[in-house]
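Trainee: this is the structure alone, sequence omitted:
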């Protein structure tokens, strides 16, 4: 049976415990995702409390991290989503995404609506990928792909 949370506290505690275990065991998010058999973005989000894992994946993650049966069950519950409490984010990495949306949000909206019409890009039917690539001018660049299904607004 599928269960949902109404309070994010338990998942926040589990996320802290899981990250501590990840650090102690010197694991990467990719290694955890490989054990779960799902994408690194989805598993990372799930372990951090933003998605529910399927039973097999929850068991694999818990075994790898040394988590108990209660954690396995909790990893399978539908969370109360939202990892950034109100206000402007203070973490520099998260803030830069906020800044990008402040600068380019209206541009993205204008381009999406011009190409697709009135609607949204789903964060539920969604894929995320992060890659590090060489910058031809020196250093490195981050290539972030946000791949969401477009859902049209329907008059009723």
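Mentor: Yep, it's here. All of these numbers come straight from a predicted model, not from anything done at the bench.
Trainee: which helix in this structure runs the most residues?
Mentor: helix 92-116 (DSSP state H).
Trainee: which outside residues touch the following helix or strand past that one?
Mentor: Once the chain leaves helix 92-116, the next helix or strand it forms, by DSSP states H and E, is strand 119-134. For strand 119-134, contacts defined as CB atoms under 8 Å, 6 or more residues apart in numbering pick out 39, 41-42, 112-113, 140-153. From N, CA and C alone the C-beta is placed, and that goes for glycine too.
Trainee: just the angle between strand 119-134 and helix 92-116, please?
Mentor: Orientation of strand 119-134 against helix 92-116 (axes from the mean of the first three to the mean of the last three CA atoms, to 10 degrees) gives an angle of 130 degrees.
Trainee: in strand 119-134, what counts as buried?
Mentor: 121, 128 (16 or more other CB atoms under 10 Å).
Trainee: quick one: strands adjacent to it?
Mentor: Here strand 119-134 is paired, per DSSP bridges, with strand 140-152 (antiparallel).
Trainee: roughly how far is the partner strand from the heart of the chain?
Mentor: Chain-centre distance of strand 140-152: 13 Å, with CA atoms, centre = their mean, to the nearest Å.
Trainee: quick one: buried residues of that strand?
Mentor: For strand 140-152, it's none, nothing buried (16+ other CB under 10 Å).
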